[in-house]
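> Predicted structure and sequence below. I'll ask about it afterward.
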Amino acid sequence: MGRLDGQVSIITGGSRGIGRAIALKFADEGARLAVVAAHDRDALRQIEQEIAARGGDSIATLADVSRRGDVEGVVQAALTKWGRIDVLVNNAGILRLGPLESISEERWEETLAVHLKGTFHCTQAVIPIMKQQRKGKIINIAAPSALRGSFGVADYAAAKGGIIAFTKNAASELSAYNIQVNCISPVADTRMTEELTKFRREQLGIPRRERELIAPEAIAPAFLFFATADSDLVSGQIIEVGRI
């Protein structure tokens, strides 16, 4: 018997990297999954097949979390198929690299739209359902740059900092409904961290990563903790996972 048997989870940015690892971990624990990605239909098909091979049940959807209509479509699809939503993982994200003075208004708005507005849209869309259920788990994603700063990612860090503040406020507002809202700041070996490593090498002359990075699969248990009853008394917290 899995720790998420019968529960329904929405995972945005779920077709690769950390999102994919979370989806597979949740599938192994019996969750029914709505996996969301913005562009890569082939990657979505692949994760859907992997979940099915594990005996899991899923739907895979192309959706842009910065658009309210797309988000509402994902939520409705999950409700139509399963009738409930127990866990939301706001993992969708993009990374554009460049010094602060090079950031265009368009880049700034796009980064905040996907990360911060997307987290807002998805959270707001599931709140009425979770309130009615008197139960729910919302897991947001921050980043070390929001806590300590980093070269070349000012817009990304600002969005992630906003997510931390949003997490704290949502946790406070929703506690009366038995809805826990928490945030993980992960560092793992993904396409994003590979791009950042290359950028720092080119811009700052850093020849290699500052530390070895762990696989996304090693990050997934932290998300499982926040998705299960083990975290029923934990809300409004931000934890870092993967920094050694």
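Happy to help now that I have it. Numbers count the residues shown, from 1 in each chain.

> CA atoms for contacts and neighbours, from now on please.
Fine.

> Just the CA atoms of the top strand by length along the chain, as CSV, please.
Determined from DSSP state E, the single longest strand within the chain is strand 179-186. The C-alpha trace of strand 179-186 is given here as CSV (Å, rounded to 0.1, in the frame of the first residue of the first chain):
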residue,chain,number,x,y,z
ILE,A,179,-4.4,23.0,4.0
GLN,A,180,-0.7,23.0,4.4
VAL,A,181,1.5,25.2,2.2
ASN,A,182,5.2,24.7,2.1
CYS,A,183,8.2,25.5,-0.1
ILE,A,184,11.3,23.5,-1.1
SER,A,185,14.5,25.2,-2.4
PRO,A,186,16.1,22.4,-4.3
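
> neighbouring contacts of it?
Contact with strand 179-186 is made by 130-131, 134-144, 164, 167-168, 170-171, 174, 219, 222-223, 226, 231-232, 234-243, as judged by CA atoms under 8 Å, 6 or more residues apart in numbering.

> where along the protein do the helices fall?
For the chain, the helices defined by DSSP state H cover 17-28, 41-53, 68-82, 105-112, 118-133, 144-148, 154-174, 191-204, 216-227.

> which ones are touching residue 112?
Residue 112 touches 155, 156, 158, 159, counting by CA under 8 Å, 6+ apart.

> Ranking helices and strands of this protein by mean pLDDT, which lands last?
Within the chain, no helix or strand scores below helix 191-204, which has a mean of 63 by mean pLDDT, DSSP states H and E.

> quick one, phi psi at the spatially most central residue of the chain?
The centre of the chain sits closest to residue 91, judged by CA atoms, centre = their mean, with a distance of 1.5 Å. Main-chain dihedrals, residue 91, degrees, to the nearest 10: phi -110, psi -10.

> thought it was touching residue 138?
No. Applying CA atoms under 8 Å, one finds residue 91 not in contact with residue 138, separated by 10.8 Å.

> how much space between residue 154 and residue 95?
10 Å (CA to CA, to the nearest Å).

> Also residue 25?
Noted for residue 25: a distance of 25 Å to residue 95, by CA to CA.

> Then residue 27?
For residue 27, the distance to residue 95 - CA to CA - is 27 Å.

> These two: which is more packed in?
residue 27 (24 against 17; other CA atoms under 10 Å).

> measure the more buried one to residue 123 for me?
22 Å.

> Then residue 115?
For residue 115 relative to residue 123 (CA to CA), the value is 12 Å.

> So which of the two has more stuff around it?
Neighbours per residue, other CA under 10 Å: of residue 115 and residue 123, the larger number sits with residue 115, 27 against 21.
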